[in-house]
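1. Mind looking at a prediction? Sequence and model below.
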Amino acid sequence: MVVVAEAVVVAEMVAEAEKKEEKEDEEDEGDEEKDDEEKEEVEEAETVVEEAEAETAEAEPVEEEAEAETVEEEAVPEVPEEAELEEPEESFSDPEDFVDDISDEELVGDLLKDQPEEADGIDSVIVVDNVPQVGPDRLEKLRNVIQKIFSKFGKIANEFYPEADGKTKGYIFLEYSSPTCAVDAVKNADGYKLDKQHTFRVNLFTDFDKYMNISDDWEIPEKQPFKDFGNLRHWIEDPDCRDQCSIIYESGDRTAIMWNDIKEPVVIEERARWTETYVRWSPKGTYLTTFHQRGIALWGGEKFKQIQRFSHQGVQLIDFSPCERYMVSFSPLMDTKDDPQAIIIWDVLTGQKKRGFHCESSAHWPIFKWSHDGKFFARMTQDTLSIYEAPSMGLLDKKSLKTCGIKEFSWSPGDNVIAFWVPEDKDIPARVTLMQFPTRQEMRVRNLFNVVDCKLHWQKNGDYLCVKVDRTLKGIQGLVTNFEIFRMREKQVPVDVVEMKEGIIAFAWEPNGSRFAVLHGEVPRISVSFYHVKNNGKIDLIKVFDKQQGNSIFWSPQGQFLVVAGLRSMNGALAFFDTSDCTLMNVAEHYMASDIEWDPTGRYVVTSVSWWSHKVDNAYWMWTFQGRLLQKNTKDRFCQLLWRPRPATLLSQDQLKQIKKDYKKYSKIFEQKDRLSQSKASKELVDKRRRMMEEFHKYRELTTQTYAEQKPQRLELRGGVDTDELDSNVDDWEEETFEFFVTEEIIPVGDQE
């Protein structure tokens, strides 16, 4: 390449010489000596160009050799003969007495920063303690179990099982493909219960170095900022004892939270596009749940601030544990073979994912059913009933319950008892089983014959279980229905049978009692019957009401009152009953009503026509428990109304009985408040008096505080004598007696003659 460059330079020189020659020829044609010199220069330049072109042609195949030769020629200039004399080479060695006082960090500190360390790469390694100590014959089985448990957190690159005396030492090392997988394994597998004797303790390998370098000097931990979400149960303290409800309208674009007031609803909070589909309250009313494409959000407190978020793409359904500690979400979009994401169980307080499950279909939601205390949850698959325990989210006793042909199961609302039924199989009859957990003890087994279908209905407190059994009998066309009533609180769980001669439309237990209602018959001869389960082992038919229009039964949460409704296809017919004396209080209609919701106290009931069911006449009406219409609230494209649940009362049974005895005393107070709230003027007067009372209490607290602060000054002014109380310093009192002389004068009153 250097030769080529030289050729280019020479070519430029030739061009300049030719231009110069032409110019000088024009200016001085007579200068022959100059012409001869210029001719010689041009000839020399042409000769150099020809030689350079020849060298270039030879140098193209071996360009690297030409470059090397050129560099060598340039690097070795001609040296005078005097410089060719050899000079002694300079020595760069340190003298013998040299002391190196410069450290490597000062000299090449920037390079040492990138020096690999021994600990590099171990942030993907975890240490698992409390692993069973096994010999070579059981080691392979242990490896398979460990792989099954820990591979769901990520790909395991390496594993090491230390051994001593022919057995494993009880701890192992696992290396994941990434540090993220290792951290996930520590979070989810720490505390995993393998069996009764072995509970895993999982730590990152890098934590050991951290724990070894802990300082002996205690440092005050940094104070974390407190997130105040307000009083999460503030609505229970309402002085007017009102309840809250959530309303969705404008086809789901707007959501509002309202106080239920007798005159008209009072809006507390209203937001646009608060949820993308619908909302739901948690079982105790603590949280409001909203649905979004990316996941779930929980809201609460007085201003409904966002408390927690859960990322679950495409979530459609959720369910809470009764204790509100856990939430289950379902999404049909996210699911892989190695990382199940269809169903996820979340910790509500921390927002962490506890476990994921596969799910093929959500037709029977909820997939997981919780025990009454939230300690266990169960799932039914083909021929298998799997019971899991919280908070480990692992299988109870590491095994499922194998039950061939299991069709349905349900937890008791009051005990850790599961009821399930299995259909007939050849000569083996159908059976209903009551099983207690975690002992797996069978409390009762009931064999049934000629069974077509069964439905399980628990009473709210778990005192009774009703199994609706549909049978086929010889010589009788159609189905015959029996109610098998299990008395759960009695020894050996006796069973009573109620035979029904007509088809069953609906069945419902009284929430806090021993009565149940049944809708039976066919249109237009539909009847509603009320039964009472007595303590003497009998079930009495209380009363039957014929010619009813209904397909659903809605009991008041407090019992005694119920509504028989004909929803959707039956044009919204309503019948209000009082079961204490079995009277029909009122008959009404809300045309095309699609939903009915009782408020938590049982004082009011709402009927509504949802835009999701019908596109016209969307509104909700409010009734008293007696069937008297209070309000008609029309909302544009009204979709949903849900009452906010109330947590269980903290009062004892004796306190509740005492309150019921004092109903008359309390009723006078509430009647007075109701009369005051009838008119707007009375309401303004009550508000004014309330404000004046609040101002008085604030002034009284301020003066009391000032009076207490001035006490030392009073003692000093009065010589240490405390005169704040009338009976203080009684011993220092001196008693003196004074006598007064009083003259008596009698003045006659009246007419004097």
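-> On my side now, so go ahead. Numbering: from 1, shown residues only.

2. all contacts plus neighbour counts: C-alpha atoms, from now on.
-> Will do.

3. and the host helix or strand of Ile387, what other elements does it pack with?
-> Using DSSP states H and E, Ile387 sits in strand 384-389. Applying 3 or more C-alpha pairs under 8 Å, 6 or more residues apart in numbering; DSSP states H and E, one finds that strand 384-389 contacts strand 376-381, strand 394-395, strand 401-402.

4. how about those in a markdown table, adding mean neighbour count and distance to Leu434?
-> Formatted as a markdown table, these follow (neighbours: other C-alpha atoms under 10 Å; distance: least, C-alpha to C-alpha, whole Å):
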| stretch | mean neighbour count | distance to Leu434 |
| --- | --- | --- |
| strand 376-381 | 19 | 14 |
| strand 394-395 | 18 | 20 |
| strand 401-402 | 13 | 13 |
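
5. nearest to Asp687, of these?
-> strand 376-381 (49.0 Å; C-alpha to C-alpha).

6. now for that closest one, which elements pack on it?
-> strand 369-370, strand 384-389.

7. Quick one: residues in contact with it.
-> Strand 376-381 is contacted by residues 367-371, 385-390, 406, 408-409 when judged by C-alpha atoms under 8 Å, 6 or more residues apart in numbering.

8. which two in those residues are spaced the farthest apart?
-> Longest span within those, C-alpha to C-alpha: Ala390 and Ile406, 23.9 Å.

9. Comparing these two, which residue is more hemmed in?
-> Ile406 (18 against 15; other C-alpha atoms under 10 Å).

10. Let me know how buried Asp738 is, in neighbour terms.
-> Not Asp; residue 738 is Phe. 4.

11. Give me the neighbour count for the residue nearest to Ala189 when sequence neighbours are not counted.
-> Sequence neighbours aside, Val202 is the residue nearest to Ala189 in space, at 6.6 Å (criterion: C-alpha to C-alpha, 6 or more residues apart in numbering). Neighbour count of Val202, defined by other C-alpha under 10 Å: 24.

12. quick one on the thing from earlier: average pLDDT across the strand holding Ile387?
-> The average pLDDT within strand 384-389 is 94.

13. where's that strand relative to the chain centroid, distance-wise?
-> 22 Å (C-alpha atoms, centre = their mean, to the nearest Å).

14. Stretch 475-490 now?
-> Centroid separation for stretch 475-490 versus its chain: 40 Å, with C-alpha atoms, centre = their mean.

15. For it, list every residue counted as buried.
-> For stretch 475-490, a neighbour-count test (16 or more other C-alpha atoms under 10 Å) marks 479-488 as buried.

16. swap in stretch 292-302?
-> Buried residues in stretch 292-302 (16+ other C-alpha under 10 Å): 292, 295-301.

17. Same check on stretch 456-469?
-> 456-460, 462-469.

18. so where's the chain uncertain?
-> Applying pLDDT under 70 to the chain picks out residues 1-92, 112-121, 334, 338, 677-683, 726-733, 742, 749-753.

19. so after the longest helix seen in it, what's the next helix or strand?
-> Counting residues, the longest helix in the chain under DSSP state H turns out to be helix 680-709. Counting by DSSP H and E, the next helix or strand C-terminal to helix 680-709 is helix 711-717.

20. Give me the distance between that next one and the centre of its chain.
-> 59 Å.

21. try stretch 127-143
-> 36 Å.

22. go on, stretch 174-191?
-> 22 Å.

23. Contacts for that stretch, please.
-> Here stretch 174-191 has contacts from 122-128, 150, 153-160, 199-204, 354, 392, using C-alpha under 8 Å, 6+ apart.

24. in that stretch, what's buried?
-> For stretch 174-191, by 16+ other C-alpha under 10 Å, it's 174-176, 178-179, 181-183, 185-186, 188-190.

25. out of those residues, who's nearest Thr583?
-> Asn188 (57.1 Å).

26. what about the helices in the chain?
-> Using DSSP H, helices in the chain cover 2-27, 32-59, 63-75, 104-112, 136-150, 179-189, 205-212, 653-661, 663-676, 680-709, 711-717.

27. Now, the contacts of stretch 174-191 that are in strands?
-> Residues of those located in strands (DSSP state E): 125-128, 156-160, 201-204, 354.

28. still on that earlier bit, quick one: the buried residues of stretch 456-469 as CSV, columns for distance to Gly720 too.
-> Formatted as CSV, the buried residues of stretch 456-469 follow (distance: C-alpha to C-alpha, whole Å):
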residue, distance to Gly720
Leu456, 78
His457, 76
Trp458, 72
Gln459, 70
Lys460, 67
Gly462, 68
Asp463, 68
Tyr464, 72
Leu465, 75
Cys466, 78
Val467, 81
Lys468, 83
Val469, 87
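
29. Which of those fall in strands?
-> 456-458, 464-469.

30. Let me see the contact set for the residue nearest the centre of the chain.
-> Computing the C-alpha centroid of the chain and ranking residues by C-alpha atoms, centre = their mean puts Val348 first, at 4.1 Å. Contact analysis of Val348 by C-alpha under 8 Å, 6+ apart lists 308, 324-327.

31. so which of the residues you listed would you say is closest to Leu642?
-> Of the contacts of Val348, the one sitting nearest to Leu642 (C-alpha to C-alpha) turns out to be Glu324, at 17.8 Å.

32. The closest one against Leu288, yeah?
-> No. Shown here, Glu324 and Leu288 do not form a contact pair, counting by C-alpha atoms under 8 Å, at 11.7 Å.

33. Mutual contacts of these two, please.
-> Joint contacts of Glu324 and Leu288 (C-alpha under 8 Å, 6+ apart) are Ser282.

34. thinking again about what came up before, list just the nearest of the ones in strands among the buried residues of stretch 456-469 to Ser552.
-> Among those, and counting by C-alpha to C-alpha, the member closest to Ser552 is His457, at 14.8 Å.

35. Quick check: bridge partners of the closest one?
-> In this entry, His457 is beta-bridged to Cys466, by DSSP bridges.

36. Start at 41, not 1
-> Okay, residue one is now 41; in that scheme the one you just asked about reads as His497.

37. So what pairs up with Gln680 in the strands?
-> Ile288.

38. so it makes contact with Ile288?
-> Yes. Gln680 is within contact range of Ile288, at 5.2 Å (criterion: C-alpha under 8 Å).

39. higher neighbour count, these two?
-> The residue with more neighbours, out of Gln680 and Ile288, is Ile288; 28 against 23, by other C-alpha under 10 Å.

40. so that one makes contact with Asp676?
-> No. Judged on C-alpha under 8 Å, Ile288 makes no contact with Asp676 at a distance of 9.8 Å.

41. Mind listing residues that contact stretch 253-260?
-> Outside stretch 253-260, no residue touches it (C-alpha under 8 Å, 6+ apart).

42. pull the CA atoms of that stretch into PDB?
-> Output of stretch 253-260 as PDB, limited to C-alpha atoms (Å, rounded to 0.1, in the frame of the first residue of the first chain):
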ATOM      1  CA  ASN A 253     -19.200 -10.800  58.400                       C
ATOM      2  CA  ILE A 254     -21.900  -9.500  60.700                       C
ATOM      3  CA  SER A 255     -20.500  -6.900  63.000                       C
ATOM      4  CA  ASP A 256     -20.600  -7.400  66.800                       C
ATOM      5  CA  ASP A 257     -21.700  -3.800  67.200                       C
ATOM      6  CA  TRP A 258     -25.400  -3.500  67.100                       C
ATOM      7  CA  GLU A 259     -26.700  -0.800  64.700                       C
ATOM      8  CA  ILE A 260     -30.100   0.800  65.000                       C
END
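
43. Fine by me, we can end here.
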